[in-house]
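Novice: Curious how this folds, go ahead:
(2 chains)
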Amino acid sequence: MNPPLIWLHEEALRTTHPVFLSAPAGSRSIFIWDDGYFQKLDYSFKRLVFIYESLCELPVDIVHGDIISVIKEIAPSQLYVPASNKPHLLSMMNNLKSIANLHIIQDDDFVTIPTTTDLRRFFKYWTAAEKTAFRKNGDRDA
Amino acid sequence: MQELQKKFENRDALVAHLKALAPWAEGERSYIQGGRQKAEMKLANIDPVGYAETRNFGDGKITRLSPYIHHGILSLNEVRNDTLTKCGHPAEITKFMQELGWRDFWQRALHAHPDWAWTDIEAYKTGFTADDYADQLPHDLVEGKTGVGCIDAFIKELLHTGYIHNHARMYIASYVVHFRRIKWQVGARWFLKHLLDGDLASNNLSWQWVASTFSHKPYIFNLENVHKYFGKLVDTSPSANHPLDATYEELHSRLFPNIRSQL
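Specialist: This is a model prediction of the structure:
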């Protein structure tokens, strides 16, 4: 059985992301440089340089290829991925469920708010959020 | 499966490598550099108290952390925790925390309502329907050659650096949607291409806020406002900015002729 894999995408370019704590020690970490994916997003050259520079500082391999094909080829026993709101990434994560045992890892919350909070206007969010916004780790440690 | 190079002699070498790797990508590099080291340097230099007093000004003490936060190089939690170690009283940093809160708010809103990314959340409150707005971005906007001095300066900064002040983003968005009557989605897509911090939630929901499809009324601005906040940085002479040189009442009548002024 192949070892677990961390697939890092462009919204989680740091080693303090909880995905690194969630995956077993010794898991390989990769970023897949997917031309088709970036072309779909229509990123300018500026954005690509910024992403690449950030990657160069990280202990991850940058692999050139199609995201789904690369992960299929590696065939990890477990796949750890940082959560995202981006439809392109969500769609790929959905496809990957049939290829590997997928673990989508949320980033640390900024605040703790009730799930019923009205998100149609900022003021209503902030009334709930300010209770923990000024506390270290959003009061998660309390 | 090819592994790509990660060590380069200098930034020029990295850029040359990337030019060969992504010949299809438009434009050139920004002066803003990626990476955790740069992010931590910026974080060390933020002034949350000064931010509260000057954030709306083009030369105000804004943090420029957003490209690093969008790409997860820094988390909101890390920025907040760092800020708490520097500032004593919560009242001094409320505006700064709210700014972090705005990003969290946009993310949560989009997570709860994924369709809000590209569809109108509410109807336009401009006296027009969505069909009255154009589907294409004209060339003069794409190139920053609208003939409106301050708008052209902001667009050129966006194209060259991938970063502009939030207030300038609102001016451009308002100009695109309300002065040129173009769908907010068109402008949002254009910003996502160029902004180093281009984030579907923050960007698109902010465009909806300006357009009035996610707010009570359309956001508009006039030349006096630009002069107050950016007068030292861009040309705000009336002769170079004729369409903006008006009172809010005049602009409201001109831009939204189908509704009575609510000023």
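Novice: Now B:Y175: closest residue in space that isn't a chain neighbour?
Specialist: Closest residue to B:Y175 apart from its sequence neighbours, by C-beta to C-beta, 6 or more residues apart in numbering or on different chains: B:I151 at 5.3 Å. For the C-beta atoms, the positions are set from N, CA and C on the backbone; glycine is no exception.
Novice: wait, is the one you found part of a strand?
Specialist: No - counting by DSSP: H, G, I helix; E, B strand; the rest coil, B:I151 is not found in a strand; it is helix.
Novice: just checking, it touches B:V176?
Specialist: No - using C-beta atoms under 8 Å, B:I151 is not in contact with B:V176; the gap is 9.1 Å.
Novice: Could I get the full set of strands for the chain?
Specialist: No chain was given, so I picked chain A. Using DSSP state E, the strands found in chain A span residues A:5-8, A:28-33, A:61-64, A:78-82, A:101-105.
Novice: Please refer instead to chain B.
Specialist: Under DSSP E, chain B gives strands at B:2-3.
Novice: For it, name the helix or strand with the lowest mean pLDDT.
Specialist: The least trusted helix or strand in chain B, going by mean pLDDT, DSSP states H and E, turns out to be helix B:48-54, with a mean of 90.
Novice: Run through who's touching it.
Specialist: Outside helix B:48-54, the residues within contact range by C-beta atoms under 8 Å, 6 or more residues apart in numbering or on different chains are B:60-63, B:83, B:86-87, B:92-96, B:99.
Novice: OK, contacts around B:R36?
Specialist: A:L13, A:R14, A:S54, A:E57, A:L58, B:I73, B:L74.
Novice: what about 6 Å?
Specialist: Contact analysis of B:R36 by C-beta atoms under 6 Å, 6 or more residues apart in numbering or on different chains lists A:R14, A:E57, B:I73.
Novice: By neighbour count, which of these wins?
Specialist: When neighbours are counted by other C-beta atoms under 10 Å in any protein chain shown, B:I73 leads the contacts of B:R36 with 28 neighbours.
Novice: Distance of the residue nearest the centre of chain A relative to A:S29?
Specialist: Nearest to the geometric centre of chain A sits A:P82, at 2.4 Å (C-alpha atoms, centre = their mean). A:P82 sits 11 Å away from A:S29, going by C-beta to C-beta, to the nearest Å.
Novice: Mind listing the residues bridging to the residue nearest to the centre of chain A?
Specialist: A:I105 (DSSP bridges).
Novice: is it true that it touches A:L13?
Specialist: No - using C-beta atoms under 6 Å, A:P82 makes no contact with A:L13, being 9.4 Å away.
Novice: Kindly report the residues of the stretch 101-250 of chain B close to chain A.
Specialist: Residues of the stretch 101-250 of chain B lying close to chain A (C-beta under 6 Å from any C-beta of the partner chain) are B:101, B:104-105, B:108-112, B:162, B:193-194, B:196, B:200-201.
Novice: These, buried ones only, as a PyMOL selection?
Specialist: With 16 or more other C-beta atoms under 10 Å in any protein chain shown as the criterion, this PyMOL line picks the buried residues out of those:
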select buried, chain B and resi 101+104+105+108+109+110+162+193+194+196+200+201
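Novice: want to try JSON lines for the residues of the stretch 101-250 of chain B next to chain A, with pLDDT as columns?
Specialist: Below are those laid out as JSON lines (pLDDT from 0 to 100):
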{"residue": "B:G101", "pLDDT": "97"}
{"residue": "B:D104", "pLDDT": "97"}
{"residue": "B:F105", "pLDDT": "96"}
{"residue": "B:R108", "pLDDT": "96"}
{"residue": "B:A109", "pLDDT": "95"}
{"residue": "B:L110", "pLDDT": "95"}
{"residue": "B:H111", "pLDDT": "94"}
{"residue": "B:A112", "pLDDT": "93"}
{"residue": "B:G162", "pLDDT": "97"}
{"residue": "B:K193", "pLDDT": "96"}
{"residue": "B:H194", "pLDDT": "96"}
{"residue": "B:L196", "pLDDT": "98"}
{"residue": "B:L200", "pLDDT": "96"}
{"residue": "B:A201", "pLDDT": "96"}
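Novice: okay if I get the residues of the stretch 101-250 of chain B next to chain A as a markdown table plus distance to B:D135?
Specialist: Formatted as a markdown table, those follow (distance: C-beta to C-beta, whole Å):
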| residue | distance to B:D135 |
| --- | --- |
| B:G101 | 34 |
| B:D104 | 32 |
| B:F105 | 29 |
| B:R108 | 30 |
| B:A109 | 25 |
| B:L110 | 23 |
| B:H111 | 28 |
| B:A112 | 28 |
| B:G162 | 25 |
| B:K193 | 17 |
| B:H194 | 19 |
| B:L196 | 26 |
| B:L200 | 20 |
| B:A201 | 23 |
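Novice: Sounds good, over and out.
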